[in-house]
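Participant: structure for this input, please:
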Amino acid sequence: MKSPALAVLAAGMGSRFGGLKQITPVDDRGHAIIDYSLYDAYRAGFRKVVFIIKHEIEDNFRTFIGRRMEKHFDVSYVFQELDALPAGYSVPEGRVKPWGTAHAVSCCAPVLKDTPFAVINSDDFYGRTAYSAIFDFLKEQTDPSASAMVAYLLRNTVTENGTVARGICEVKDGYLESVTETLNIAKDGENAVYPDASGNMVRVSGETPVSMNMWGFGPAMMEQYTKRFAPFLDKALKENPLKAEYFIPSVASAAIEEGKTRVRVLNCSESWYGITYREDMPSVVSAIAGMRAKGLYPDGLLE
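Facilitator: Numbering: from 1, shown residues only. The predicted structure is shown next:
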């Protein structure tokens, strides 16, 4: 198989953050989180990157990120737009919300043909060992339908500044059985809580493995993303046309249930850092400054 590629989900507009998180500096050299992610990815062995963006941020993204990275990676751009739909479908009137992370992956099909690939969020700091784990998994695979997910401890992924959505994982014998996308998770000491459908608060152990949207897929898995989108739309356009989203965990879970893949869980002890809210910035900046002080990252990164 081809050398693994990295697909970077960077089409978000940062509505809760109030700006383009993808290019917001987190250190005194002007680097964004994505700079650290790409530095870690390069160290792990990735040499092809696919940036998934929107046309309206293309100029800024290329200026601040893309042109520098083109010196180090084989870079491709794909565009996740609302009207990137299968033939016969149209955007519902009033829809402004993107179609979700699995839709973003499906948009990469033309440039990731026959290529194993990892997927990350552009505004999440995953830690260097996570990239090594996912790259090594993909590089060593001979099964084109093989998949993997880097799992974090829930307590290492929540924020002090609001609620988050996380994919809560069921794992058996090192393989993922299911992922449940869970909304409005709030920090509760070393643990967390979220409201169920009835509004009752459910307590979750901080040791619970969760998905942070760091996945790895063999080349055969791209078909799962493309072929399941139309059935998703058939249901979504009837039930929730303005807000329904097509998520990576939903596709992975369905493929597991149908025996189309097995998802190896790669446990990670790294702490996740992200900027869901602008109030998250000080803790992210402080954490990165601490890692630089320890010599984990050079001042220049990939320049």
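Participant: so what does the longest strand belonging to the chain touch, helix or strand wise?
Facilitator: Counting residues, the longest strand in the chain under DSSP state E turns out to be strand 175-188. In terms of contacts (3 or more CB pairs under 8 Å, 6 or more residues apart in numbering; DSSP states H and E), strand 175-188 is packed against strand 164-172, strand 191-195, helix 248-257, strand 263-267. All C-beta spots, glycine's among them, are computed from the backbone N, C-alpha and C.
Participant: and the second one, how far out from the chain middle?
Facilitator: In other words, strand 191-195. How far strand 191-195 lies from its chain's middle: 22 Å, per CA atoms, centre = their mean, to the nearest Å.
Participant: report the angle between it and strand 175-188.
Facilitator: 90 degrees (axes from the mean of the first three to the mean of the last three CA atoms, to 10 degrees).
Participant: among the helices and strands packed on strand 175-188, which comes closest to residue 232?
Facilitator: helix 248-257 (7.9 Å; CB to CB).
Participant: hey, where'd the strands end up in the stretch 101-250 of the chain?
Facilitator: 117-121, 124-125, 147-153, 164-172, 175-188, 191-195, 201-204, 209-217 (DSSP state E, counting those that start in this stretch).
Participant: got JSON lines for the ones you listed, with mean neighbour count too?
Facilitator: Shown next, in JSON lines, are these (neighbours: other CB atoms under 10 Å):
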{"stretch": "strand 117-121", "mean neighbour count": "24"}
{"stretch": "strand 124-125", "mean neighbour count": "22"}
{"stretch": "strand 147-153", "mean neighbour count": "25"}
{"stretch": "strand 164-172", "mean neighbour count": "18"}
{"stretch": "strand 175-188", "mean neighbour count": "17"}
{"stretch": "strand 191-195", "mean neighbour count": "18"}
{"stretch": "strand 201-204", "mean neighbour count": "12"}
{"stretch": "strand 209-217", "mean neighbour count": "25"}
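Participant: now those as TSV including mean pLDDT?
Facilitator: As requested, the strands of the stretch 101-250 of the chain are exported to TSV (pLDDT from 0 to 100):
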stretch	mean pLDDT
strand 117-121	97
strand 124-125	92
strand 147-153	96
strand 164-172	90
strand 175-188	90
strand 191-195	94
strand 201-204	94
strand 209-217	94
